[in-house]
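In: I'd like to go over a predicted model; first the sequence, then the structure.
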Amino acid sequence: MTVRHEKKNRKFHGTRRWGVGNIKNARGAGDRGGHGGKLVRKKHNITYMTAKTPWMLGRKGFTKWNPVKLKEIDLREISTMLESGKATGTLELRKYKVLSNGTLTKPAEIKASGFSQRAREKIEKAGGKAVQL
């Protein structure tokens, strides 16, 4: 029967170290520099952070983990909705920000989560109303 893989102790028969250099190198977790895990051979990453990226240390404040992202809609899309009859005189757009691209042809009351300043001016100029939700 053929042997596919020869055992290491046959190959290094009669030696103490089995090809790993000093016998300390063949011990378990002592070879990994204080970091546990399998083959993690990193040491102190904190020195790199203090030298190269000091702005990453000691951040203060609170960051909201799930910020609300508003979708965008412009006045051109709103005017086509009003002209086609999909929407009546009042339009409620939750989680949308109205942008000023295009013009509003019919006066309408638009309720949205946000408006740009020019969009608000254009809506009021057309005779409509911009209500923020």
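Out: Received, thanks.
In: Would you mind pulling up the elements that the longest strand along the chain packs against?
Out: When the chain is parsed with DSSP state E, its longest strand is strand 90-99. Applying 3 or more CB pairs under 8 Å, 6 or more residues apart in numbering; DSSP states H and E, one finds that strand 90-99 contacts strand 71-74, helix 75-84, strand 109-115, helix 117-125. In this view, the C-beta of every residue, glycine as well, is placed from N, C-alpha and C.
In: any idea how far residue 54 lies from residue 86?
Out: 55 Å (CB to CB, to the nearest Å).
In: can you tell me the average pLDDT over the longest strand of the chain?
Out: Computed over strand 90-99, the mean pLDDT rounds to 91.
In: Check the offset of that strand from the chain's centre.
Out: Distance, stretch centre to chain centre, for strand 90-99: 25 Å (CA atoms, centre = their mean, to the nearest Å).
In: And the next helix or strand past the lowest-mean-pLDDT helix or strand in the chain?
Out: Between all helices and strands in the chain, the lowest mean by mean pLDDT, DSSP states H and E belongs to helix 8-11, at a mean of 68. Per DSSP states H and E, the first helix or strand lying C-terminal to helix 8-11 is helix 46-52.
In: Just the buried positions in that next one, please.
Out: Residues of helix 46-52 classed as buried: none (neighbour count, 16 or more other CB atoms under 10 Å).
In: got any ranges where the chain has weak pLDDT?
Out: 1, 3, 6-9, 27-47, 59-60 (pLDDT under 70).
In: What are the structural domain limits within it?
Out: Annotated domains of the chain cover 17-56, 71-132 [automatic domain parsing].
In: Out of those, which is the most enclosed?
Out: domain 71-132 (a mean of 16; mean count of other CB atoms under 10 Å).
In: CA-only coordinates of stretch 114-127 in CSV, if you can.
Out: Coordinates of each C-alpha in stretch 114-127 appear next as CSV, following Å, rounded to 0.1, in the frame of the first residue of the first chain:
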residue,chain,number,x,y,z
GLY,A,114,-38.2,68.2,3.3
PHE,A,115,-38.0,71.0,0.8
SER,A,116,-35.1,72.9,-0.8
GLN,A,117,-35.3,76.6,-0.5
ARG,A,118,-35.8,77.2,-4.2
ALA,A,119,-38.4,74.5,-4.4
ARG,A,120,-40.4,76.2,-1.6
GLU,A,121,-40.2,79.5,-3.5
LYS,A,122,-41.3,78.0,-6.8
ILE,A,123,-44.3,76.2,-5.2
GLU,A,124,-45.4,79.5,-3.5
LYS,A,125,-44.9,81.4,-6.8
ALA,A,126,-47.2,79.0,-8.6
GLY,A,127,-49.9,79.6,-6.0
